[in-house]
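Please find the sequence and the predicted model below.
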Amino acid sequence: MQHITLVTNQLRLAIELSQAFNDQQYFVDTTDDPRQVYSVMHQKQSVGLLWDLTAFPFTQYQAVLRDLRHHYQVPILSLADGLVDPTPIFQAGLDDYVPAPWPVPELVARFEQKQHLYERLTPLHSTQPPTKDRVQFADVVIDRQKYKAFRNDQDLGLTPKELKLLLYLIEHAPQVLSRSQLLAGVWGDQYDISETSRMVDIHISHLRDKIEADPKHPDYIQTVRGFGYHFVADASPSTD
């Protein structure tokens, strides 16, 4: 899947956009720190940027957005509250201005239309490599077609949600993902907001029980206290 970077501090927006773009075979990498945008886009080879102006206003981040426009030849869409003059936004080189309320299907369509335009104008533009059917780390092999994980040809018994969580962590490695980001990327909007942290932690615990030699001292999925989790092993396409 190709990656898109979303800059916002709104969990609900992150969840809605992640689910909508996931349905169109995109991963949405959300950051609530504009200082991390460059590293996220570089690590994930992002094919686009969505910037929430209601969280990080254009007047305060104009220089950052202009610099991003200079460095990245990808669609950059701005999400505004409808009270912003779009003229300086377009003058800064951003590709689109979408006022609230944001119609998510239309936003996806706008992004894809602009991505197709960039691909025609810059055919040599680097994108994410095609997703491989099998991914391996250590002695664990994930078969995407069978949607199962194996160790020594033995099914590890991961549930579909556990496997999706594992793949999401691998796809975003070595980025540290907050519980909110994991919820947005793995669960979408199908969860009880009152049990968010507990639900993520329980699934991580069950996942560790199945893939780690010592779940209390994990080698693959590690905790960053006060923030979330990240995948630290080397994962690569399997040729088996």
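All right, it came through fine.

list the contacts for Ala80?
53-54, 58, 86, 89, 97-100 (CB atoms under 8 Å, 6 or more residues apart in numbering). C-betas here are computed from N, CA, C, even on glycine.

change it to 10 Å
Going by CB atoms under 10 Å, 6 or more residues apart in numbering, Ala80 touches 51-54, 57-58, 86, 89, 97-100, 102.

got it, and Leu79?
The neighbours of Leu79, taking CB under 10 Å, 6+ apart as the test, are 6-8, 10, 13, 17, 50-55, 96-100, 102, 107.

the domain parsing of this protein - what is it?
2-121, 134-237 (automatic domain parsing).

For the residue nearest the centre of the chain, give me phi and psi.
Nearest residue to the geometric centre of the chain (CA atoms, centre = their mean): Asp29, 2.6 Å. Dihedral pair for Asp29: phi -100, psi 110, per degrees, to the nearest 10.

tell me which residues form a beta bridge with it?
Beta bridges link Asp29 to Thr5 when assigned by DSSP bridges.

How about Pro237?
Beta-bridge partners of Pro237, as defined by DSSP bridges: Val135.

close enough to count as contact, it and Asp143?
No - contact criterion CB atoms under 10 Å: Pro237 and Asp143 do not qualify, at 11.8 Å.

higher neighbour count, these two?
More neighbours surround Asp143 than the other of Pro237 and Asp143, with 16 against 12 (other CB atoms under 10 Å).

leaving aside the residues next to it on the chain, what's closest to that one?
Among residues not flanking Asp143 along the chain, Arg134 sits closest, at 5.5 Å (CB to CB, 6 or more residues apart in numbering).

From Lys210, how far off is Val18?
One thing to correct before we go on: residue 18 is Ser, not Val. Distance, Ser18 to Lys210, using CB to CB, to the nearest Å: 25 Å.
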